[in-house]
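[1] Sharing a model prediction with you, sequence too.
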Amino acid sequence: MLKVEETGLAGVRLVTPPTIFRDFRGEYVETYNRELYRAAGIDQDFVQDDISVSRRNVLRGLHGDQTTWKLVSCLIGEFYLVVVNNDPAARQYRQWRAFTLNEKNRQQVLIPPRFGNGHLVLSERAMFHYKQTSYYDRPGQFTLMWNDPELRIAWPIEDPILSARDGGKPDA
């Protein structure tokens, strides 16, 4: 049964998919059903799906934009997902929440526009999946530093593997 929970950050919701079936053969997971999700108040029109596969200690993000809703899940492995409100007009500006998503709990996180998100891989390998309501637009994105001292994000690692962009090199 689809379960949608508030998280304490306006618009960010924790979702347990409607069908998770396990038996001796393995498992079957229904990761999205437009009718059920809309009935639960998740009525965004998703237009693109993406995945990224990374190894342990890789940190991707924190990225976001002004228009895109994302529905994030972990298909394989486990990662630590951080969501940050980056809307200067919002009461919760610069507040963040963290979630551990993995192939066992099958939870998803709905992320509104103007929020940044980043994830740190905790398992040997993880597959990060997200549905989005806009087509990928790299120039339209913002990047928040993963270790911004004002945010004080409690990452479970001190020295992650980063891209040039996520390491603070703006031309990357």
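    Received, thanks. Numbering: from 1, shown residues only.
[2] residues contacting the residue lying farthest from the centre of the chain?
    Distance from the C-alpha centroid of the chain, by CA atoms, centre = their mean, peaks at residue 24 (30.2 Å). Residues near residue 24 by CB atoms under 8 Å, 6 or more residues apart in numbering: none. For glycine as for every other residue, the C-beta is placed from the backbone atoms N, C-alpha and C.
[3] Would you mind measuring from it to residue 69?
    Using CB to CB, to the nearest Å, one gets 37 Å for the distance from residue 24 to residue 69.
[4] what about the nearest residue to residue 135 once chain neighbours are set aside, neighbour count?
    Spatial nearest neighbour of residue 135, chain neighbours left out: residue 48 (5.5 Å); criterion: CB to CB, 6 or more residues apart in numbering. By other CB atoms under 10 Å, the residues close to residue 48 number 12.
[5] Let's verify the spatially most central residue of the chain: helix, strand, or coil?
    Among the residues of the chain, residue 72 comes closest to the average C-alpha position under CA atoms, centre = their mean, at 4.3 Å. Under DSSP: H, G, I helix; E, B strand; the rest coil, the three-state class of residue 72 is strand.
[6] who's in contact with it?
    For residue 72, the contacting residues are 81, 101, 108, 109, 110, 111, 117, 119, 128, 129, 130, by CB under 8 Å, 6+ apart.
[7] Tabulate the residues you listed in a markdown table, adding columns for neighbour count, pLDDT and distance to residue 30.
    Formatted as a markdown table, the contacts of residue 72 follow (neighbours: other CB atoms under 10 Å; pLDDT from 0 to 100; distance: CB to CB, whole Å):
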| residue | neighbour count | pLDDT | distance to residue 30 |
| --- | --- | --- | --- |
| 81 | 22 | 98 | 21 |
| 101 | 25 | 98 | 16 |
| 108 | 27 | 98 | 11 |
| 109 | 23 | 98 | 17 |
| 110 | 22 | 98 | 16 |
| 111 | 24 | 98 | 20 |
| 117 | 24 | 98 | 23 |
| 119 | 27 | 98 | 23 |
| 128 | 24 | 97 | 19 |
| 129 | 18 | 98 | 14 |
| 130 | 21 | 97 | 17 |
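[8] Understood, closing this out.
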